[in-house]
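Participant: following is a predicted model, sequence given first.
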Amino acid sequence: MPLRLTDTDREMLDGRRGDGARLAMRIMVRWAEACDADCLIDVTQAHIDGCGLLSEAGLEFAETLARRGARVCIPTTLNMGPLDLQNWRDFGVPETFAAMALRQAEAYTRMGCVPTWTCAPYQGYLTPRFGRQIAWGESNAVAYANSVLGARTEMYGDYIDICAAVTGRVPRQGLHLTENRKGQILVRLIEFDPGALRGDVFWPAFGHLLGPLAGDRIPVIEGLPADATDDQLKGLCAAAASSGAVALFHAVGLTPEAPTVAEAFQGAAPAETFQIRPADVDAAARDLSTAEDGSPIDAVLVGCPHFSFAEFRRLADLVRAAGGVSRVPFIVITSTQSHALALRGGFLDTLADFGVRITLDTCMFHTPLLSPQVKAVMTNSGKCAYYAPGELDVTVAFGSLADCVRSAVEGRVWRRAGP
Amino acid sequence: MTKQRGEGSPNAEGFPNTEGFPNTERGGSPHPPRRKRDGSGEPPPKTQAKPPRRLTGRPVVPGAADGTALVTAEPLSFWGGLNTATGEIVDRRHERSGQIVTGRIFVLPRGRGSSTASACLLESIRAGTAPAAIITARTEPVLALGSIIADELYARSVPMVVLPDEAFRSIHDGDRVTIDPDGTVTVNAPDEA
């Protein structure tokens, strides 16, 4: 199918809007052709994922765009980066790595991106609105934007994301189109105690189960509580986008495109229906752990995706009640925005006294954060638990935030029975 | 307990439907190929060496390449699955773990997982460890992107062709494969010595 271009598209392609825009549009057009799209559409904002990984080619691409004068033409936020821009020396990051990461950060900010450096952009600045066409990268953020906010994006990874931000255009396809957003399978939560659905183990565990169950189909979930918090939904999105490729789900009575089951399916019938019982979610929670109860841990990692103000407050409450200090490094990963709020909230001294170390802007999988002696970690994140064994070469225990605090005090995995 | 990434996914294994091609599966086509009465559809007479087979695909990233096929039936995530410095498949759960993709015609049904795969392919092209070409059974926008950016940045790309399922499955490990910019894939079985 030939790709139709507007006059503005052609101006960029011809270089009449600068060399940087020309390079971005050339890539966008060739990619749209590879995807067999018929035309490009406008997007109103972008979130850049490609600033997170550090590779020579990635750095060269960003610097080439910036040097040729590329500037974003829509509000554009940045995902977490490969470096804690403030505290990297405290974490022992090698100078050569830091130097490359700082050059990459400079290239993206020079192109006009807002230096948010967070993988939870929906909890900070420039949260997208319902129905808006956007170009977001970062799998958990894409799932959250589509599902919870009802904005419309495909998964824009490295490095089409910055091309979308510079051109303001993406191929007309996929989840940008209403007909491609209808539910395809029905997932019913049955026999759950309302208390279990409010616990913080349920959400990542259910997400871990949902990923492979959905495959590339859009799930409609029945039975999630309507008062779910942003952080619970964040945990669900991150886990489902890690164990699977969930970029959009509907939750009946909870997410904006699913006031009813019929509306979530746009009047169509589900291709398949699944019944999920508490035992299924318990099994998913167990599957997220490779470390046994009682085994020693060397670190606790929370804030995957980035810790929010509400999570800081909850952690402060938990450590006050813990009756001890952490025996292991207790690392909280967050954004400068949430960190500023936590500082104003007066939580940081309490957390420091417990032994919490806070790192900003980055991700445990993209910056050298842990010492090589760390062999076992505990986390409350389904995403972290999923990737840690392969990416960090550690065993992992998954539990609630309260379990993480208690385990830190004991120096070994401690989990309250049941989800 | 050990986690098995990707397993349990209904789409993690096997061959997905091919996009953009008429269904050539058995029973799927309204006109299944039949031998013609005049014999013109008869298989060619057997000779010592098998004649090359020509397959028609869609050139997702057009280009020319030739090399020896490295074939897998299993999808691979390039992020975490490919060492961009050495070209080695390092996903230790993958059936071709330990193989080197560099310079090969890499035949895999599709990619998997993270969109960071485009960055990994780009980096492997920069480092000179990339496959000579990639043949898939469905369009892989994430991989195509890595190749397109490499072309723009380094004037070096990895040609990419999508083949219909049946043609895709007809390529075997070790076949000599030539790819033309129009998407034609020519396959020579290795000489039987």
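Facilitator: Right, received. Where do you want to start? Residues are numbered from 1 along each chain as shown, chains lettered A, B, ... in the order given.

Participant: so the nearest residue to residue A:323 once chain neighbours are set aside: helix, strand or coil?
Facilitator: Among residues not flanking residue A:323 along the chain, residue A:409 sits closest, at 7.4 Å (CB to CB, 6 or more residues apart in numbering or on different chains). (C-beta placed from N, C-alpha, C; glycine too.) Three-state assignment for residue A:409 (DSSP: H, G, I helix; E, B strand; the rest coil): helix.

Participant: quick one: residue A:409 and residue A:355, what's the gap?
Facilitator: According to CB to CB, to the nearest Å, residue A:409 and residue A:355 sit 9 Å apart.

Participant: now do the shared contacts for the two.
Facilitator: A:325-327 (CB atoms under 8 Å, 6 or more residues apart in numbering or on different chains).

Participant: I'd assumed residue A:325 was in contact with the residue nearest to residue A:323.
Facilitator: Yes - counting by CB atoms under 8 Å, residue A:409 touches residue A:325, with 7.0 Å between them.

Participant: which one of those two is surrounded by more residues?
Facilitator: residue A:409 (19 against 13; other CB atoms under 10 Å in any protein chain shown).

Participant: need the distance between the two termini of stretch A:146-161.
Facilitator: 16 Å (CA to CA, to the nearest Å).

Participant: and stretch A:136-155, by the same measure?
Facilitator: 6 Å.

Participant: what mean pLDDT does that stretch get?
Facilitator: Across stretch A:136-155, the average pLDDT comes to 96.

Participant: that stretch close to chain B?
Facilitator: Yes - for stretch A:136-155 and chain B, the contact criterion (CB under 8 Å from any CB of the partner chain) is met by A:137, A:139, A:155.

Participant: circling back: now for the residue nearest to residue A:323: which residues touch it?
Facilitator: Applying CB under 8 Å, 6+ apart, the residues contacting residue A:409 are A:322-327.

Participant: and the next element down the chain from the longest helix anywhere in chain B?
Facilitator: Ranked by residue count, the top helix of chain B under DSSP state H comes out as helix B:141-154. Per DSSP states H and E, helix B:141-154 leads on to strand B:160-162 as the next helix or strand towards the C-terminus.

Participant: tell me how many other residues crowd the closest residue to chain A within chain B.
Facilitator: Taking CB to the nearest CB, chain A has its nearest neighbour within chain B at residue B:115, 2.3 Å off. When neighbours are counted by other CB under 10 Å, residue B:115 registers 26.

Participant: over to it: give its phi and psi.
Facilitator: Here is the backbone geometry of residue B:115 (degrees, to the nearest 10): phi -70, psi -10.

Participant: could you find the closest non-adjacent residue to it?
Facilitator: Spatially, and ignoring its direct neighbours in sequence, residue B:115 is nearest to residue A:157 (2.3 Å; CB to CB, 6+ apart).

Participant: tell me the SS of residue B:94?
Facilitator: Assignment for residue B:94 (three-state DSSP): coil.

Participant: is it correct that it is in contact with residue B:72?
Facilitator: Yes - using CB under 8 Å, residue B:94 is in contact with residue B:72, at 7.4 Å.

Participant: could you look up the SS state of the most centrally placed residue in chain A?
Facilitator: Residue closest to the mean C-alpha point of chain A, counted by CA atoms, centre = their mean, is residue A:140 at 3.1 Å. The three-state assignment at residue A:140 reads helix, by three-state DSSP.

Participant: for the stretch 51-200 of chain A, give me the ranges with low pLDDT.
Facilitator: The stretch 51-200 of chain A contains no residues with pLDDT under 70.

Participant: hmm, back to that, which neighbouring elements make contact with the longest helix of chain B?
Facilitator: Judged by 3 or more CB pairs under 8 Å, 6 or more residues apart in numbering or on different chains; DSSP states H and E, helix B:141-154 is in contact with helix A:19-34, helix A:56-67, strand B:58-61, helix B:117-127, strand B:133-136, strand B:160-162.

Participant: tell me the secondary structure at residue A:305.
Facilitator: Residue A:305 - assigned by three-state DSSP - is strand.
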